[in-house]
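Trainee: quick one, what's the 3D model for this:
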Amino acid sequence: MKIEQNVFGKIGTETIYSYTLQNKKGIEVTCINYGGRIVSIKTPDKNGNFENIVLGYESLEEYVQDTSYQGALCGRVSGRIGGASFQLDDVTYDLAKNDGNNNLHGGVHSFSHVIWNAEPFKKENGSGVVFTYFSKDGEEGFPGSVELKVTYLLNEKNEFVITYEGVPDKKTLINMTNHAYFNLHGNAKETILNHYLAIKSDKFAQLNEESIPTGQLLEAEGTPFHVRNSTQLKEAFAKEDEQLKLALQGFDHPFLLSDHFDNEIVLEEPKSGRKLVVETDQPAVVVYSGNMLSEEVTLSGRIAEKYLGICLETQGMPDAINHAHFPQVTVEKGELYKAKTKYTFSVSH
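Mentor: Numbers count the residues shown, from 1 in each chain. Down below sits the predicted model:
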């Protein structure tokens, strides 16, 4: 296993570093300590050509100005919180309204836009980076200070594992994810519409016009959200459906997972032969099909467009604190928050 550290750029007097992890099969993951962002994942296609399968920018400045959370660690609470407000033990906490009337991915200066401490490491079967960050009490409106640790590990089995950990000193909310945009064509040659997606899920969260869960969990069967069998995204998005329309004719929805660490999320692209399996201990995956990507930015060397990448954000349910029947994301004082997601890269010929 190899690991390489390079200077990626500077923010004021702070140097931002990139860390490239590479296994013996040549698979490479590059991340930076600004927002813990994954800036590149290089995997082979069925002919052995290595290409980048996540969207990204060329420069640090673009990551600083980024509004679509490219490759970022999201938190303290990923996803949306309706009305940018919640109650915890009869105290109301008001958050930044950075998405209409709502709070998105933890606020304005959230985990995606801070500098993390980074320690690269090597072990016998893999190499990685440990990112740490101290989130202060009241940061972005959330109660309690939290010592956070996020570990990225690439191993020789072509698995990339992210482990999130945090211990708060007050009861608070924690719900972290990574917001990488995948495109298995490689180097963003085409949109993701020809990709096939399979998710072990029978229910998804109904959203309102502001993309906030209404609290209703809908049966996926008979809708475009029933993707238990591998389904081409183009076919799913061509259907007439009110929930698809609300998300600009795509997915931006939480799917409740019925299995964990059992091939529960599978993304495939037949032309390249690339396959990505995502497994997690989290209750849900928010699937976002890049419906709002803007042509005002350049991603992976081309003008961005709708459906250029797909996010598979494993996490607790968005807006859980405002829906008592959802799996909750509250963490007690001194309790360990821990979450784990594994990405496995392979090729079918």
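
Trainee: show me the helices in the chain, by range?
Mentor: 60-65, 233-237, 242-246 (DSSP state H).

Trainee: buried deepest among these, which one?
Mentor: helix 233-237 (a mean of 18; mean count of other Cβ atoms under 10 Å). (Each C-beta comes from the backbone N, C-alpha and C, glycine too.)

Trainee: quick one: that one to chain centroid distance?
Mentor: Remark: helix 233-237 is offset 21 Å from the chain centroid, using Cα atoms, centre = their mean, to the nearest Å.

Trainee: about what we covered before: which one of the helices of the chain lies closest to R302?
Mentor: R302 lies closest, by Cβ to Cβ, to one member of the helices of the chain: helix 60-65, at 13.6 Å.

Trainee: pull the CA atoms of the closest one into PDB?
Mentor: C-alpha atoms of helix 60-65 as PDB (Å, rounded to 0.1, in the frame of the first residue of the first chain):
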ATOM      1  CA  LEU A  60      -8.800  24.600  -3.900                       C
ATOM      2  CA  GLU A  61     -10.500  27.900  -4.500                       C
ATOM      3  CA  GLU A  62     -13.300  26.100  -6.300                       C
ATOM      4  CA  TYR A  63     -13.800  23.800  -3.300                       C
ATOM      5  CA  VAL A  64     -13.900  26.800  -1.000                       C
ATOM      6  CA  GLN A  65     -16.700  28.400  -3.100                       C
END
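
Trainee: roughly how far is that helix from the heart of the chain?
Mentor: Taking mean C-alpha positions (Cα atoms, centre = their mean), helix 60-65 and its chain are 18 Å apart.

Trainee: please apply the same query to stretch 263-271.
Mentor: The answer for stretch 263-271 is 16 Å, by Cα atoms, centre = their mean.

Trainee: and stretch 7-15, by the same measure?
Mentor: The answer for stretch 7-15 is 24 Å, by Cα atoms, centre = their mean.

Trainee: before we move on, what about stretch 267-277?
Mentor: Centroid displacement of stretch 267-277 relative to its chain, using Cα atoms, centre = their mean, is 19 Å.

Trainee: buried set for it?
Mentor: Neighbour-count burial for stretch 267-277 flags L267, E268, E269, S272, G273, R274, K275, L276, V277 (criterion: 16 or more other Cβ atoms under 10 Å).

Trainee: quick one on the thing from earlier: and F160, which of the helices of the chain is closest to it?
Mentor: Counting by Cβ to Cβ, and looking across all of the helices of the chain, nearest comes helix 60-65 at 19.8 Å.
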